[in-house]
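In: One predicted model, sequence on top.
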Amino acid sequence: IMKCSVAIVLILLVAGAWSQPADLPAQLDAQVRSVTEEMVGLGKSTGEALVHQYEEIILEPQNELEEALEQTEARRAESPDCVAAEDEEISRIVDAAHEEFHGCGVVAATTSAEIVTDVSAATQQLVYGGYNLGRTYNKCQSYKNSVLKQSCMAKFYVQGSLYLVNARSSIKTIKKSTNERIPAVFTDGNVCTHDVSAQAISALQKVNVNIDACAARR
């Protein structure tokens with residue numbers, strides 16, 4: 001769930017934001033492209049970091065539980081009746097664990113998608129701001145009257161300066177936010193799934209004790 005959700009949002013983020021603003025004066029164009037590309041890169045790295053965490057949050061504890069289950073199942077060959085007597089309990093333990101894993105995954109996936117969506121929204125805002133700069137510049141260039149053109153260009157450069165200031169502030173805020181929120185997703189999700197795994201493994205150990213006792217009576 002988490003891996004799929006974040007991957008989809010990541011694809012939409014990169015695909016939706018990788019357009020470049022309209023024509024601008026060379027120096028300003030380079031700066032606008034720079035902040036836009038930085039934000040797109042931040043979005044990509046955010047998505048990749050969240051997907052990478054999926055393996056530790058979800059797969060690792062699931063694998064631990066599967067190993068414990070395989071150890072219990074391996075005893076069926078030597079004590080088939082004793083293991084069969086515990087089948088209902090084994091199924092209950094595994095079903096409950098899978099349901100709780102699902103719950104942990106839903107919470108982690110939702111939070112992860114929210115993080116990437118926030119980055120995506122900020123990226124789109126930068127892209128649209130760049131296009132607005134391009135439209136203003138083209139409008140200024142369309143004036144034939146030199147006074148109107150000069151006045152328009154003065155406003156354009158003010159707009160451009162504000163855009164760059166706001167863009168850099170937005171990038172700084174998003175970086176700070178993701179640096180805090182991504183580890184939080186990992187910590188919360190990791191604790192959740194590993195607690196589930198630990199409880200299920202402990203329950204399986206009790207099942208093994210019951211199997212031992214059953215085998216000893218035979």
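Out: Here it is on my side, so go on.
In: From the chain's centre, how far out is the lengthiest helix in the chain? Work that out for me.
Out: Using DSSP state H to define each element, the chain has its longest helix at helix 146-216. In terms of CA atoms, centre = their mean, to the nearest Å, the centre of helix 146-216 is found 6 Å from the chain centre.
In: List the contacts of residue 182.
Out: 46, 49-50, 53, 115 (CB atoms under 8 Å, 6 or more residues apart in numbering). Any C-beta I mention is one placed from the backbone N, CA and C, and that applies to glycine too.
In: mind checking pLDDT for it?
Out: Residue 182 is assigned 83 on the pLDDT scale.
In: swap in residue 12?
Out: pLDDT at residue 12 comes out at 45.
In: likewise residue 217?
Out: Residue 217 is given a pLDDT of 84.
In: Any stretches of the protein with poor pLDDT?
Out: Applying pLDDT under 70 to the chain flags the ranges 1-23.
In: next helix or strand past the helix or strand where residue 61 lies?
Out: Here residue 61 sits within helix 60-73, counting by DSSP states H and E. Moving toward the C-terminus from helix 60-73, the next helix or strand (DSSP H and E) is helix 80-84.
In: Compute the inter-axis angle for the longest helix of the chain and helix 60-73.
Out: Here the directions of helix 146-216 and helix 60-73 differ by 20 degrees (axes from the mean of the first three to the mean of the last three CA atoms, to 10 degrees).
In: Give me the buried positions along stretch 75-93.
Out: For stretch 75-93, the neighbour count (16 or more other CB atoms under 10 Å) marks 75, 79, 82-83, 86, 90, 93 as buried.
In: picking that back up, could you dump the contacts of residue 182 to TSV with neighbour count, distance to residue 36 and secondary structure?
Out: TSV is the format used below for the contacts of residue 182 (neighbours: other CB atoms under 10 Å; distance: CB to CB, whole Å; DSSP: H, G, I helix; E, B strand; the rest coil):
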residue	neighbour count	distance to residue 36	secondary structure
46	27	16	helix
49	18	21	helix
50	29	22	helix
53	22	27	helix
115	23	20	helix
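In: Relative to residue 30, which of the residues you listed is nearest.
Out: residue 46 (24.5 Å; CB to CB).
In: What is the nearest of the contacts of residue 182 to residue 156?
Out: Looking across the contacts of residue 182 and measuring by CB to CB, the closest to residue 156 is residue 46, at 32.2 Å.
In: got a list of what the closest one touches?
Out: For residue 46, the contacting residues are 10, 115-116, 119, 178, 182, by CB under 8 Å, 6+ apart.
In: Would you reformat the residues you listed as TSV and include distance to residue 101?
Out: Below are the contacts of residue 46 laid out as TSV (distance: CB to CB, whole Å):
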residue	distance to residue 101
10	23
115	21
116	22
119	27
178	25
182	21
